[in-house]
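>>> 3D, please:
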Amino acid sequence: MPDSHLLDPDLWCALSFLDQRARLADAIRAELEGSPGVQEVTIEAGGRGGEYDLTVLLQTDVGKLRTPLWSHARATIFCDPSVHPANRRQLAPALAVREAADRLRRRLDVPYTLESRGLTLQLSPEDGVERSWTAERSLFRNRTAVTREDRVLDAAPDLDVRDLLAHFYVGPSLRLVGPDGQALLLPESIEVEGPTVSLCPSCSRWAEGAHESCPSCGAAVDVVIAARPPRR
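Numbers count the residues shown, from 1 in each chain. Predicted structure coming up:
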């Protein structure tokens with residue numbers, strides 16, 4: 001049964017920062033119980049002014065895994081009494097714990113095969129998606145080539161290929177031109193984990209997830225992946 005402190009804003013906000021991190025670590029530990037290779041769970045705090053940009057550090061039998069857990073913005077809203085309680089509960093740390101544990105669980109037992117040509121691994125970054133990486137070493141050319149393939153298992157008939165590209169593409173911005181001369185822009189994207197957030201330039205509000213329009217004012221939104229800057 002989930003810790004009630006991770007669902008109730010009043011109970012959560014009455015805890016010290018140290019107690020909050022301890023409860024989050026316990027919750028992640030419980031979610032990953034029985035997962036292979038897990039040794040210890042630590043919750044890392046963010047930098048000054050963004051302490052609640054929390055990261056899960058998972059010590060495994062072969063090294064460390066990290067994934068974003070909760071953001072300072074969510075933590076601020078969750079403990080803001082001026083925000084409606086129903087809206088605050090949508091940002092409960094219990095939900096972030098489940099999402100982070102799911103991401104880690106998918107990375108803890110990734111099968112791979114080692115053949116004469118090189119190494120191939122397969123994982124499922126999210127439900128319905130299979131990703132395969134193949135690293136092939138060419139002794140003749142003295143280089144290693146790495147290829148990646150993403151396969152959507154249950155693509156809807158009306159699924160827009162451009163949306164798929166934008167969702168899975170990793171690399172710099174590209175201007176793509178089709179056989180008919182029609183061009184489209186594939187925005188720059190980096191390989192990063194984090195929640196999807198919809199930002200509204202009109203009313204300067206944001207909402208969890210990818211929305212077609214702003215839930216508050218109905219204007220067009222920008223959908224981005226919320227990510228912490230790299231460590232220095």
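
>>> And the chain, what are its domain boundaries?
Each domain of the chain is listed here as a residue range: 4-108, 112-186, 196-225, per automatic domain parsing.

>>> Would you convert those domains into TSV that also reports mean pLDDT and mean neighbour count?
Yep, even glycine has a C-beta here, placed from its N, CA and C like the rest. Formatted as TSV, those follow (pLDDT from 0 to 100; neighbours: other C-beta atoms under 10 Å):
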stretch	mean pLDDT	mean neighbour count
domain 4-108	90	16
domain 112-186	79	11
domain 196-225	79	14
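
>>> Tell me where this protein has strands.
Using DSSP state E, the strands of the chain run over residues 38-44, 54-60, 63-70, 112-114, 118-126, 129-138, 143-152, 174-177, 183-186, 196-199, 206-208, 222-225.

>>> Including distance to residue 26, could those strands go into a markdown table?
Below are these laid out as a markdown table (distance: least, C-beta to C-beta, whole Å):
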| stretch | distance to residue 26 |
| --- | --- |
| strand 38-44 | 8 |
| strand 54-60 | 12 |
| strand 63-70 | 13 |
| strand 112-114 | 32 |
| strand 118-126 | 26 |
| strand 129-138 | 30 |
| strand 143-152 | 34 |
| strand 174-177 | 45 |
| strand 183-186 | 42 |
| strand 196-199 | 27 |
| strand 206-208 | 24 |
| strand 222-225 | 28 |
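
>>> closest to residue 86 out of these?
For the strands of the chain, proximity to residue 86 was assessed by C-beta to C-beta; strand 206-208 is nearest, at 13.5 Å.

>>> so which of the strands of the chain gets nearest residue 216?
strand 206-208 (7.6 Å).

>>> now the closest one: how far from the chain's centre is it?
15 Å (C-alpha atoms, centre = their mean, to the nearest Å).

>>> Kindly report the same for stretch 73-93.
That offset, for stretch 73-93, works out to 20 Å (C-alpha atoms, centre = their mean).

>>> end to end, how far does it reach?
For stretch 73-93, the first-to-last residue distance is 12 Å (C-alpha to C-alpha, to the nearest Å).
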